[in-house]
Structure formats: structure tokens, C-alpha cells
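Student: the following block contains a protein sequence and its predicted model.
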Amino acid sequence: MVWQLTKSALQRWTEKLLHVHDTPERTAAAFGMGVALGFSPFLGLHTAIGLVLAFAFNLNRVAVLIGVYLHLPWIMGPYYAGATALGALLTGTRMPADFLPRLEAVWRLDGWWVRFEALGSLLRPLLPAYLIGSSILALILGAIGYWASLALIRARRRAHPHRPELP
């Protein structure tokens, strides 16, 4: 008897927390927001921002986190390099001609603080390009994530019509 009550309460709490009965549009919005945050310029803060916004807007937390975690480590370098190049193109920022040799030289410096300062001085002029380029691409990818997930969710619900929908 106690187990049944506990199990029932746990299921209700889980459904409330995860919003498993959300409409396809709200679930897709949660996923799209997660994708946009995952590819945003806020490196290291994606998960925290995603969870704060998911709770603030009462969205499906799992959908937000799945979207955030689509941004895998092995694509981060090329993505942010391309995003910065796009931002540089849009802002008219010029890449230093000797950028790669200077970047390699940073890693040969002694002391982590010296490396950090040298890296900061090398990258500081590119910060606006990085912020603009990665923000634009993040919004585009978030919109694509929304529409793609909405189509998939609707198709799945059509294939499994026995699941109840919210009004």
C-alpha cells in the first residue's frame, strides 16, 4: 500500500518535472531553445542557463538538456572557428595574418597565467566577431532544431495515437 502511494506520487512528480505530456510545440520549443543555448557563445554555462530557463518558462527539462548536449566536444573547435569567421565577415574584423603561429607560441610559454594573458591579448580583438557569429548561428540552429523536432514529435504522435494529448 505504501509502495503504491509512493510510486504514484513519484510518477506524478516526474511527469510534472519533465513535462512528458506537453504539447508538441512546447516540447519542440524546449528542444530548440536547448540547441540554441548549446551553440551559443556562453561556453561553460550552457547547462546552467538551459536549466534556469527551463524552470523559468516551465519547459521540458530533458528536451532542453538534449538540445544543449547536441554540441559535442569534437565539433566545438570547427564550429566556433567558423562562427568567428562569419562574425568577422559581418563586422569587418580582420584575422591577424600570423594568427596560427602566435596561437601555437602561446602554448610554448611557461606558466598557465602567462599563457592565459597571451591568449587573451590574441583573442580579444576577435571577441565581437565571436559573439556575433556564434549568436547568429545559434539562433539559426535553434530554429532548425525546433522545426525538425516538431515534425518528428508530430509524426511519432500520429504513429502512436493511443497516447493522450493535452488540450
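Tutor: Done, it's in.

Student: so for stretch 73-85, what gets flagged as buried?
Tutor: Buried residues in stretch 73-85, defined by neighbour count with 16 or more other C-beta atoms under 10 Å: 79-80, 83-85. C-beta here means a position set from N, CA and C on the backbone, and glycine is covered the same way.

Student: give me the buried positions along stretch 137-155.
Tutor: By neighbour count on 16+ other C-beta under 10 Å, the buried set for stretch 137-155 is 137-138, 141-142, 145-146, 149-150, 153.

Student: centre of the chain to it, how far?
Tutor: 13 Å (C-alpha atoms, centre = their mean, to the nearest Å).

Student: repeat that for stretch 56-72.
Tutor: For stretch 56-72, the separation from the chain centroid amounts to 8 Å (computed by C-alpha atoms, centre = their mean).

Student: endpoint to endpoint, that stretch covers what distance?
Tutor: 26 Å (C-alpha to C-alpha, to the nearest Å).

Student: buried ones in that stretch?
Tutor: 59-68, 71.

Student: out of the residues you listed, which are inside helices?
Tutor: Mapping the buried residues of stretch 56-72 onto helices (DSSP state H) picks out 61-68.

Student: re the thing from before, ok, the buried residues of stretch 56-72 vs Leu119, which is closest?
Tutor: His71 (21.5 Å; C-beta to C-beta).

Student: please name the nearest non-neighbouring residue to Ala105.
Tutor: Nearest non-adjacent residue to Ala105, counting by C-beta to C-beta, 6 or more residues apart in numbering: Ala118, 7.8 Å away.

Student: and the one you found, what's its pLDDT?
Tutor: You'll see Ala118 listed with a pLDDT of 86.

Student: picking that back up, nearest to Thr23 among the buried residues of stretch 137-155?
Tutor: For the buried residues of stretch 137-155, the residue nearest Thr23 by C-beta to C-beta is Ile153; the value is 9.1 Å.

Student: quick one: pLDDT of the closest one?
Tutor: With respect to pLDDT, Ile153 has a value of 85.

Student: and the helix or strand where it lies, what other elements does it pack with?
Tutor: Using DSSP states H and E, Ile153 sits in helix 127-159. Judged by 3 or more C-beta pairs under 8 Å, 6 or more residues apart in numbering; DSSP states H and E, helix 127-159 is in contact with helix 24-38, helix 61-68, helix 73-91.

Student: could these go into TSV alongside mean pLDDT?
Tutor: Converted to TSV, the helices and strands packed on helix 127-159 look like this (pLDDT from 0 to 100):
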stretch	mean pLDDT
helix 24-38	94
helix 61-68	92
helix 73-91	90
